[in-house]
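>>> Please work out how this folds:
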Amino acid sequence: MEHNYLNTGLGRIHFGLVIMSLVVIFFGYSYEYSVGKEVVIWGIPVSLIGFGMFLKAKWSVIKQRKFFTIGCHPMSRTNTYLYVIGWILMIAGYFLSFKIQF
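Numbers count the residues shown, from 1 in each chain. Next comes the predicted model:
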């Protein structure tokens, strides 16, 4: 059963946020490491839990022999929710993993 998530307004907004967050995370990590900031260890498990949820959702698509997909179009509703929550946790883990200095 496919859930046509990308044809909904929320799906389109989510897709745009994921693309923008990938760019922000890439440049954010590069900047944080270049200035020598210390990594806070408790942000890493949050990211790993999110990555596990993301992989579980993507594994359902890989089992259908669809090896390259963008978003959660071919996923069931449950896996769609795991996919979205996984992304949120991975992004939250990034922001939790560096000490904020004012």
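>>> Chain neighbours aside, what residue packs nearest to the residue most central in space within the chain?
By C-alpha atoms, centre = their mean, the chain has its centre lying nearest to W87, at 2.3 Å. Leaving out its chain neighbours, the residue that sits closest to W87 by C-beta to C-beta, 6 or more residues apart in numbering is V18, at 5.8 Å. The way it works is simple: take the backbone N, C-alpha and C, and place the C-beta from them, glycine included.
>>> Need the pLDDT of the one you found.
On pLDDT, V18 comes in at 75.
>>> And the helix or strand of the chain at the bottom of the mean pLDDT ranking, what's buried?
The weakest-scoring helix or strand in the chain, judged by mean pLDDT, DSSP states H and E, is helix 9-34 (a mean of 75). Using 16 or more other C-beta atoms under 10 Å as the test for burial, helix 9-34 gives 11, 14-15, 18, 21, 25, 32.
>>> and those residues, which two are the farthest apart?
Within these, G11 and E32 form the most distant pair, 30.6 Å apart (C-beta to C-beta).
>>> mind listing what the residue nearest to the centre of the chain touches?
W87 is in contact with 14, 18, 21, 50, 54, counting by C-beta atoms under 8 Å, 6 or more residues apart in numbering.
>>> cutoff 10 Å now
14, 17-18, 21-22, 50-51, 53-54, 57, 72 (C-beta atoms under 10 Å, 6 or more residues apart in numbering).
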